[in-house]
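> Let me see the structure of the following:
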Amino acid sequence: MKTLDTAFVRQQFPAFSEPSLKDWAHFENAGGSYACQQVIDRLTTYYTRTKVQPYHAHPVAQEAGLALDHSYQRFAEYLNVSEDEVHFGPSTSQNTYVLAQAFKGYLQAGDEIIVTNQDHEANSGAWRKLANMGVTVHEWCVEADTGVLELEQLDGLLNEKTKLLAYPQCSNIVGHLNPVLEINRMAHRVGAICVVDGVAGAPHGLPDVIELGADIYLASLYKTWGPHLGLMTIKRTLLDQLSNQGHFFHEDQPQKKLLPAGPDHAQIAAASGVIDYLDAVYAHHFEETKDIQAKRKAVNGLFKNHESELLSQLLECLNKRDDVRIVGPTNSENRAPTVSIWPLQKSISEVQSILAANKLMVGTAHFYAPRLLNAMKLSPDAGVLRMSFLHYTTADEINRLIQGLTLALD
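Just a heads-up that it's a prediction; the model follows:
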């Protein structure tokens, strides 16, 4: 089994050689990852060479247009969808809001949709607002102790009136990886559309969207070492049934149908740097192949094995303590490396301050999931202390975090 070369990986991220960040360990990656050099290079190139309106007849505009086209092409190949099913928007929150507006022409009074109280508010609140047009909204609720969504409850909610199910691939607080394929199959049996929030899952391995069974898949590129964009894939046959949210003269252009404003050309051009980076990781560890899905699976395997090993070490440390509550599953099985805790004997702010004094970056908030914290009987105002990491995190940094937690909690 191949082992991830973290030294090579970290060479691809300028942040790890930035003097002002020296000795700081980044454990708030669920809020935003460092950007890889490949993305930074493409963004810089666009701003310095091609900062013009793309697609006009002159050479600079043609080059700019090709840079945008390249990003749509590369993500389509990697996610195993067609280019007209790839959409870039300013953020996942805004993409989801616009998407929900587009569904107003698809849904009718009396239709039913299902949302969860595990999700980020972006993939919950926008759909709940459709109740104003007579749509019935049902809530798929987490188990209060673990924050996990149980399939039995979903089975009881699904029926012939269910038109849409919106839920997360992974919670940005409890870290549990939901069985997406099984959930989608359940929903598809009653004809429901599945909107999968992959924001907290995609940073640990971009998926084959077809294999995942998602009708709509959402991710945030700034959490997958890229520019600040939301990425969305939508089945073309479904998109054709949604109402146009862009300018009326763009209605026949799939990639502009869900953009009320113009696209951010430079950031879209930079987005393909994410795939360039994944290609570099693959080339460093494996023999070259033209099979893009084989590349994707191989790189995802590297990331998963590395992250799982570090996650097990962190959870082992926390499980030995009786002065902290792990918010979510307490083992590494079916779990992303996003670990939230609730200190039982010290305040969250006190623990965070000690960690910061030891150059450990963590986050404290409700992370746009107050419904989840309420369901788990935790205060959204106080929030939780969240430690999230990626494949570029090292064993040494995990050891530093464990030492910092010991110091902060004792």
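> show me what contacts Cys141?
With contact set as Cβ atoms under 8 Å, 6 or more residues apart in numbering, Cys141 has these partners: Thr116, Asn117, Leu149, Gln153, Ala375. From N, CA and C alone the C-beta is placed, and that goes for glycine too.
> Kindly recompute the last result at 7 Å.
Contacts for Cys141 (Cβ atoms under 7 Å, 6 or more residues apart in numbering) come out as Asn117, Gln153, Ala375.
> I figured Gln118 hits Arg371, correct?
No. Counting by Cβ atoms under 7 Å, Gln118 stays clear of Arg371, with 8.1 Å between them.
> Between the two, which is the more surrounded one?
In terms of neighbours (other Cβ atoms under 10 Å), Gln118 is the more surrounded of Gln118 and Arg371; the figures are 30 against 23.
> Doesn't that one belong to a strand?
No. Using DSSP: H, G, I helix; E, B strand; the rest coil, the secondary structure at Gln118 is coil, not a strand.
> is it true that Ser71 lies in a helix?
Yes. Secondary structure of Ser71 (three-state DSSP): part of a helix.
> just so I have it, where are all the strands in the stretch 251-400 of the chain?
Secondary structure of the stretch 251-400 of the chain, counting by DSSP state E, counting those that start in this stretch: strands at 324-326, 338-343, 360-361, 363-365, 384-388.
> ranking the ones you listed by burial, who's on top?
Highest mean neighbour count among the strands of the stretch 251-400 of the chain (mean count of other Cβ atoms under 10 Å): strand 384-388, with a mean of 25.
> who touches that strand?
Taking Cβ under 7 Å, 6+ apart as the rule, strand 384-388 contacts 27-30, 173, 327, 337-342, 348, 351-352, 362-364, 367, 373, 378, 401.
> now swap in stretch 276-293 and tell me
In contact with stretch 276-293 (Cβ under 7 Å, 6+ apart) are residues 2, 5, 8-9, 12, 36, 38, 77-78, 80, 208, 225, 295, 298-299, 302.
> from these, which single one is nearest Leu405?
Within the contacts of stretch 276-293, the smallest distance to Leu405 is 24.6 Å, found for Val9 (Cβ to Cβ).
> ok but the closest one is inside a helix, no?
Yes. Assessed with three-state DSSP, Val9 lies in a helix.
> give the contact list for the nearest residue to it once chain neighbours are set aside.
Closest residue to Val9 apart from its sequence neighbours, by Cβ to Cβ, 6 or more residues apart in numbering: Tyr392 at 5.0 Å. By Cβ under 7 Å, 6+ apart, the contact set of Tyr392 is Thr6, Val9, Arg10, Phe13.
> Produce a PyMOL select command limited to the buried residues of these.
Applying 16 or more other Cβ atoms under 10 Å to those, the buried members can be selected in PyMOL as follows:
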select buried, resi 6+9+13
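> Could you give the average pLDDT over the longest helix along the chain?
The longest helix of the chain (DSSP state H) is helix 292-319. In this model, helix 292-319 has a mean pLDDT of 97.
> Next: stretch 221-231.
Mean predicted confidence for stretch 221-231 is 98.
> Quick check: can you list the domain ranges of this protein?
Annotated domains of the chain cover 6-35+293-409, 42-275 [automatic domain parsing].
> Serialize those to JSON lines and add fields for distance to Ala283.
JSON lines is the format used below for the domains of the chain (distance: least, Cβ to Cβ, whole Å):
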{"stretch": "domain 6-35+293-409", "distance to Ala283": "9"}
{"stretch": "domain 42-275", "distance to Ala283": "12"}
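> which residue packs closest to Glu143, ignoring adjacent ones?
That would be Glu150: by Cβ to Cβ, 6+ apart, it lies 5.9 Å from Glu143.
> What pLDDT does the model give that neighbour?
pLDDT, read off for Glu150, is 97.
> For burial, what's the neighbour tally of it?
The burial count for Glu150: 13, using other Cβ under 10 Å.
> so what's the nearest residue to Thr233 once chain neighbours are set aside bridging to?
Spatial nearest neighbour of Thr233, chain neighbours left out: Tyr217 (4.7 Å); criterion: Cβ to Cβ, 6+ apart. Judged by DSSP bridges, the bridge partners of Tyr217 are Val196, Thr233.
> quick one: contacts for Tyr217?
Tyr217 touches Val196, Gly198, Val209, Thr233, counting by Cβ under 7 Å, 6+ apart.
> from those, which single one is nearest Phe88?
Thr233 (10.6 Å).
> hang on, isn't the closest one packed against Val86?
Yes. Judged on Cβ under 7 Å, Thr233 makes contact with Val86 at a distance of 5.9 Å.
> Next, the contact list for Glu112, please.
Glu112 makes contact with Thr136, His138, Lys161, Thr162, Lys163 under the criterion Cβ under 7 Å, 6+ apart.
> Likewise for Gln53?
Ala61.
> what about 10 Å?
Val60, Ala61, Ala64, Gly65, Gly262, His265 (Cβ atoms under 10 Å, 6 or more residues apart in numbering).
> Put the buried members of those residues into a ChimeraX selection.
In ChimeraX, a selection of the buried entries from the contacts of Gln53 looks like this (16+ other Cβ under 10 Å):
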select :64,65,265
